[in-house]
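Visitor: Please work out how this folds:
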Amino acid sequence: KEKEDSIHGTVRLMFQPAEEGGAGAKRMIEEGILEMEPKPQHAFALHVWPSIPSGSIASRPGPLLAACDRFDVAIHGVGGHAAMPHLTVDPIVTASAVIMNLQTIVARTLSPLECGVCSITKVEGGEAFNIIPGSVAIRGTVRSLTTDSLLSLKSKVEHIVETTAAVHGCSTSPIAWSRDYYPPTVNDPTLFEFSRQVGAQVSEERYLRDIEPTMGAEDFSFVAEKIPSTFFLLGQGGEGRGGNEDKHPPTDYGLHHPQFALDESVMPRGVELHVTVALRALQKLAHEMEE
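Guide: Just a heads-up that it's a prediction; the model follows:
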């Protein structure tokens, strides 16, 4: 606030809701966040990253995070007594076959040079040890580094679920996908050279770490589809210089791990990165206009 009068340009803060599956950034775009005057010319975002040391910053040009969708499906059979399986159509056995067959999508239908994920994360069926249930619910996710590959994975999931269930004499509910699949988060290659310099300036290590793409997903990708953007990863692993073991529980557990803990000491560096990249970007854009 003290430097507000010295800021030559507009910095717009975007508080995106519902990042975990709700496509909050897309909702904000639909409501005009990128059409407000003056229209934004660049966008920047960051996420803490437990696999790199606290105080470090990483990113890469091109695809950084995956395209993603999630699905729910119910497999319907015929329930009955567990002692008389021949009088039932067992949806648990069918669901087991579906889960195993889904693993062949990446292993046998995707080029070894492409990246893909098909993970089943929830299986729910039955309530008693002596009853074969009438249905089983399955939930999962598919991911890839390109939108075309993601759409192909989705089609293959539908085909395998339906045909495997039919072979076992079961039926399925229509597969319920999320309202919006997430595109990959792609860092603009031209803008990235600028971002690399800023990230190096703010990083405790004084350089920006190169990092391989990850199959995690982020709805900032909807913004990056529209305007040149950079997404940074802010290290919060426990092996940073000086360590942080005395101040925190271990902070290198992966995202969504039940023992994940935030290294709050990196938050000022995240603020510094946001501030520095915003002010430097305004200077960059002003210089480009003068040319």
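
Visitor: which intervals of the stretch 51-200 of the chain have sub-threshold pLDDT?
Guide: Within the stretch 51-200 of the chain, no range satisfies pLDDT under 70.

Visitor: where do the helices sit along it?
Guide: 91-104, 147-167, 189-202 (DSSP state H, counting those that start in this stretch).

Visitor: Just send these back as CSV, with distance to Ser135 and mean neighbour count too.
Guide: Using the backbone N, CA and C atoms, a C-beta is placed for each residue, glycine as well. Listed next are these as CSV, based on distance: least, CB to CB, whole Å; neighbours: other CB atoms under 10 Å:
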stretch, distance to Ser135, mean neighbour count
helix 91-104, 5, 19
helix 147-167, 11, 17
helix 189-202, 48, 17
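
Visitor: Including distance to Gln41, could the ones you listed go into JSON lines?
Guide: Formatted as JSON lines, those follow (distance: least, CB to CB, whole Å):
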{"stretch": "helix 91-104", "distance to Gln41": "42"}
{"stretch": "helix 147-167", "distance to Gln41": "24"}
{"stretch": "helix 189-202", "distance to Gln41": "10"}
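
Visitor: Which stretches in the stretch 151-291 of the chain count as strands?
Guide: 171-172, 176-177, 185-187, 209-210, 229-237 (DSSP state E, counting those that start in this stretch).

Visitor: related to what we said a few turns ago, out of the helices of the stretch 51-200 of the chain, nearest to Ser111?
Guide: Closest of the helices of the stretch 51-200 of the chain to Ser111 is helix 147-167, at 9.1 Å (criterion: CB to CB).

Visitor: relative to helix 91-104, how tilted is that closest one?
Guide: 150 degrees (axes from the mean of the first three to the mean of the last three CA atoms, to 10 degrees).

Visitor: So which elements touch helix 147-167?
Guide: Packed against helix 147-167, as judged by 3 or more CB pairs under 8 Å, 6 or more residues apart in numbering; DSSP states H and E, are the following elements: strand 67-76, helix 91-104, strand 116-124, strand 135-144, strand 171-172.

Visitor: quick one: which of these is nearest Phe231?
Guide: Evaluated with CB to CB, those place strand 67-76 nearest to Phe231, the distance being 14.0 Å.

Visitor: Touching, Ser59 and Phe192? I think so.
Guide: Yes - between Ser59 and Phe192 there is a contact at 7.3 Å, judged by CB atoms under 8 Å.

Visitor: which residues are in contact with both of the two?
Guide: Common neighbours of Ser59 and Phe192, using CB atoms under 8 Å, 6 or more residues apart in numbering, are Thr230.

Visitor: out of the strands of the stretch 151-291 of the chain, which comes closest to Ile160?
Guide: Nearest of those to Ile160, taken as CB to CB: strand 171-172 at 10.7 Å.

Visitor: one step back: and of the helices and strands packed on helix 147-167, who's closest to Glu218?
Guide: Nearest to Glu218, of these and by CB to CB, is strand 67-76 at 8.7 Å.

Visitor: closest one to Thr251 among the helices of the stretch 51-200 of the chain?
Guide: helix 189-202 (19.2 Å).

Visitor: Look at the residue lying closest to Ala286 once chain neighbours are set aside and say how many residues are nearby.
Guide: Nearest non-adjacent residue to Ala286, counting by CB to CB, 6 or more residues apart in numbering: His8, 6.2 Å away. Residues near His8, counting by other CB atoms under 10 Å, number 10.

Visitor: Turn the helices and strands packed on helix 147-167 into CSV, including distance to Ala224.
Guide: Compiled in CSV, these are given as follows (distance: least, CB to CB, whole Å):
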stretch, distance to Ala224
strand 67-76, 12
helix 91-104, 29
strand 116-124, 20
strand 135-144, 16
strand 171-172, 35
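
Visitor: Tell me which of the ones you listed approaches Val275 most closely.
Guide: strand 67-76 (29.8 Å).

Visitor: Could you name the helices and strands sitting against the closest one?
Guide: helix 91-104, strand 135-144, helix 147-167, strand 171-172, strand 176-177.

Visitor: May I see the ones you listed arranged in CSV, with distance to Leu64 as well?
Guide: Shown next, in CSV, are these (distance: least, CB to CB, whole Å):
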stretch, distance to Leu64
helix 91-104, 26
strand 135-144, 13
helix 147-167, 15
strand 171-172, 35
strand 176-177, 23
